[in-house]
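Colleague: From the sequence below, what's the structure:
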Amino acid sequence: MELTPYTKKLFDLSGVRPEDAWSDIYTWDGRGAMEDQPSHIKSNGSIGCISTLCLRISPYGFAFAGKSGIFYMKDLPYTEFAWDQLNSIKYKNAQGFNTNFGESEIETEYFFLDGPFNFIGGLYMILVSYSYQASIIVGKNLPIIRDPVNQGIIIAYKAEKCFVNGYPTPY
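Modeller: Here you go, the predicted structure:
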């Protein structure tokens with residue numbers, strides 16, 4: 001992971017190396033058809049979504065990778081970014097022709113991810129919380145949070161004290 005002001009400060013405080021802090025929140029073994037997978041991802045600038053291979057989270061940042069399974073599309077390589085590098089986060093309920101009822105989407109400057117509402121909604125809350133707090137810790141401009149976190153997700157995670165009207169609080 002790239003050393004940023006936030007990751008340096010966190011390492012100085014905790015003594016835990018970034019590579020030792022990762023937790024998998026989603027993995028796919030690569031079997032089965034892409035259409036059967038609950039989550040699809042693409043990097044910004046690429047065409048077409050592919051199956052999400054892994055999503056990882058840590059106090060330092062977020063990581064993702066994707067597997068195509070189609071001969072003419074490339075796999076999405078494993079990519080990590082620190083929380084203070086996230087500048088824009090957008091959330092919406094999927095409304096396209098090829099989307100299933102109850103799906104949602106997250107878009108950042110690094111990736112576009114879709115999947116079931118309960119999974120994507122919770123992940124959106126995590127992305128918003130970590131990136132917001134990381135920006136405050138290092139004195140950087142706050143990320144642009146284009147959509148409030150769903151109140152049902154906030155209640156389900158018992159995070160009511162951390163959000164006001166769907167947006168994070170600095171405490």
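
Colleague: So which other helices or strands are in contact with the host helix or strand of Q133?
Modeller: Assigning secondary structure by DSSP states H and E places Q133 in helix 117-138. On a contact count with 3 or more Cβ pairs under 8 Å, 6 or more residues apart in numbering; DSSP states H and E, helix 117-138 meets helix 5-14, strand 88-93, strand 103-108, strand 111-116, helix 151-156, strand 167-168. Heads up, the C-betas are built off the backbone N, CA and C, glycines and all.

Colleague: Determine which of the ones you listed shows the lowest mean per-residue pLDDT.
Modeller: The stretch with the lowest mean pLDDT among those is strand 111-116, at a mean of 86.

Colleague: neighbouring strands for that strand, and are they parallel or not?
Modeller: strand 40-43 (antiparallel), strand 103-108 (antiparallel) (DSSP bridges).

Colleague: okay if I get the helices and strands packed on helix 117-138 as CSV plus distance to F62?
Modeller: CSV is the format used below for the helices and strands packed on helix 117-138 (distance: least, Cβ to Cβ, whole Å):
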stretch, distance to F62
helix 5-14, 12
strand 88-93, 11
strand 103-108, 9
strand 111-116, 9
helix 151-156, 17
strand 167-168, 16
